[in-house]
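# build the 3D model from these lines:
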Amino acid sequence: MPKTTPGIADSEMTIAEVMKQKGYATGMAGKWHLGHHPQFLPVHHGFDEYLGLPYSNDMWPHHPESKPNTWPPLPMMEGDKAIKVGLTGKDQEQLTTQYTERAVKFIEKNKERPFFFYLAHSMPHVPIYVSDKFRGKTERGLFGDVISEIDWSVGQVLDALKRCGVADNTWVIFTSDNGPWLSYGDHAGSAGPLREGKGTAWEGGTRVPCIMRWPGKLAAGRSDNAMFMTIDVLPTIAKLIGAELPKHKIDGLDVWPVIAGRKDAKNPHEAYAFYYANNQLQGVGTGDGHWKMLFSHSYRSLAGRPGGKGGIPVQYDQRKVEQPELYDIQSDIGEAKNVIADHPDIAKRLEAFAEKMRADLGDNLTKRKGSGVREPGRVAPSAGVRLPGPVLVFND
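Sure thing, here's the model as predicted:
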């Protein structure tokens with residue numbers, strides 16, 4: 001965040017650094033949120049080039065809920081330097097186009113060698129903006145226009161891969177980081193049958209679509225409800241290209257057999273942990289996506305009320321999970337029926353996994369400190385960005 005000093009530590013290994021081991025060109029455009037000071041930016045952590053915002057696009061003075069002096073002017077970064085400070089709404093209208101053009105240019109420049117590009121669109125994170133070429137084009141209003149422009153962006157990337165003759169040996173992964181920000185109503189998406197949305201450990205906050213394309217490696221037209229997390233992408237790619245993982249522990253595992261849809265493939269995770277809100281372990285779920293257990297914690301909810309309009313959010317209610325609850329996600333994707341009384345063995349198994357996570361990563365809900373927690377990178381409070389003078393594309 002703009003007024004904080006920590007960021008990613010030099011001792012951590014990014015996916016770009018994994019790819020560099022095998023001679024991949026690496027690039028990124030879009031939102032970076034692992035520290036905004038120069039030493040934390042992508043070009044110092046494995047990326048050959050970077051264009052984008054160093055944090056979320058709502059962390060700027062024009063946010064409708066911002067109090068005076070809450071946020072500094074929003075910068076656009078090229079490498080580790082700010083090429084423009086004080087982005088306006090007009091500037092945000094061009095973000096999707098700028099990021100897309102950078103991705104296409106990167107593909108064209110590196111078509112003769114292995115490459116990796118991370119395209120992290122700022123949209124549709126609020127505040128949402130769209131360029132003139134898509135404004136007013138959909139029945140869904142501004143949000144629909146924004147999604148339509150992102151769809152165009154993906155098309156531009158795929159067209160570039162085809163035009164450069166590398167479409168058939170490129171793995172494209174399209175996904176999101178969390179569910180919809182429901183309080184923003186018509187400026188947000190829908191979680192459909194899932195419970196709650198962004199900022200919660202319920203399925204509406206954590207389960208997102210994932211679309212992949214890799215001709216000859218992934219069957220066209222196949223759909224699958226198998227579960228994995230984005231933490232698994234790095235070790236999966238490392239295994240595929242024969243790169244070394246970091247020496248220290250990471251949470252992800254190779255899930256290529258699951259992604260490839262191999263017969264009898266099983267997720268290698270015993271379970272996944274759902275941390276949120278100042279290191280609170282709010283829940284755990286089995287690796288096969290069957291069972292999910294939530295622990296006592298407070299969460300935000302609209303309680304069935306509609307969200308806001310025109311970019312102005314409504315206030316959430318605060319609700320609480322009073323006692324541990326267990327859900328059979330395979331038969332109850334909406335997490336409507338707590339079945340913990342019917343499956344004490346499952347609850348016991350998941351609680352034991354949670355205890356291992358608390359010992360490793362800590363848990364503020366139970367006042368635990370984890371022995372495996374690593375320190376972030378830090379800079380002096382006076383340091384800042386240098387002022388002027390979020391799609392994975394993996395090609396082998």
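# thinking Tyr327 is in contact with Lys292, fair?
Yes. The criterion here is C-beta atoms under 8 Å, and Tyr327 meets it with Lys292 at 4.9 Å. Just so you know, the C-beta spots here come from the backbone N, C-alpha and C atoms, and that holds for glycine as well.
# overlap in contacts, the two.
Between them, Tyr327 and Lys292 share these contacting residues under C-beta atoms under 8 Å, 6 or more residues apart in numbering: Glu335.
# how near is Arg113 to Tyr316?
48 Å (C-beta to C-beta, to the nearest Å).
# looking at those two, which one has more neighbours?
Legend: neighbour count by other C-beta atoms under 10 Å for Arg113 and Tyr316, higher for Tyr316 (19 against 10).
# count of neighbours near Asp288?
17.
# same deal with Gln21?
A count of nearby residues for Gln21, using other C-beta under 10 Å, gives 14.
# hmm, it is touching Ile237, no?
No. Counting by C-beta under 8 Å, Gln21 does not reach Ile237; the two are 11.1 Å apart.
# please enumerate the shared neighbours of the two.
Ala243.
# show me what contacts Val379?
Going by C-beta under 8 Å, 6+ apart, Val379 touches Thr5, Gly7, His37, Gln39, Phe40.
# just put those residues in TSV and tack on pLDDT, secondary structure and neighbour count.
Output for the contacts of Val379, formatted as TSV (pLDDT from 0 to 100; DSSP: H, G, I helix; E, B strand; the rest coil; neighbours: other C-beta atoms under 10 Å):
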residue	pLDDT	secondary structure	neighbour count
Thr5	89	coil	18
Gly7	96	strand	23
His37	95	coil	21
Gln39	96	helix	16
Phe40	97	helix	24
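# farthest pair within those residues?
Longest distance between any two of these is 10.7 Å, between Thr5 and Gln39; criterion C-beta to C-beta.
# using JSON lines, please lay out the contacts of Val379 together with distance to Cys210.
Formatted as JSON lines, the contacts of Val379 follow (distance: C-beta to C-beta, whole Å):
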{"residue": "Thr5", "distance to Cys210": "34"}
{"residue": "Gly7", "distance to Cys210": "27"}
{"residue": "His37", "distance to Cys210": "32"}
{"residue": "Gln39", "distance to Cys210": "32"}
{"residue": "Phe40", "distance to Cys210": "27"}
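# which of those sits closest to Ala336?
Gly7 (40.4 Å).
# that concludes my questions; thank you for your assistance.
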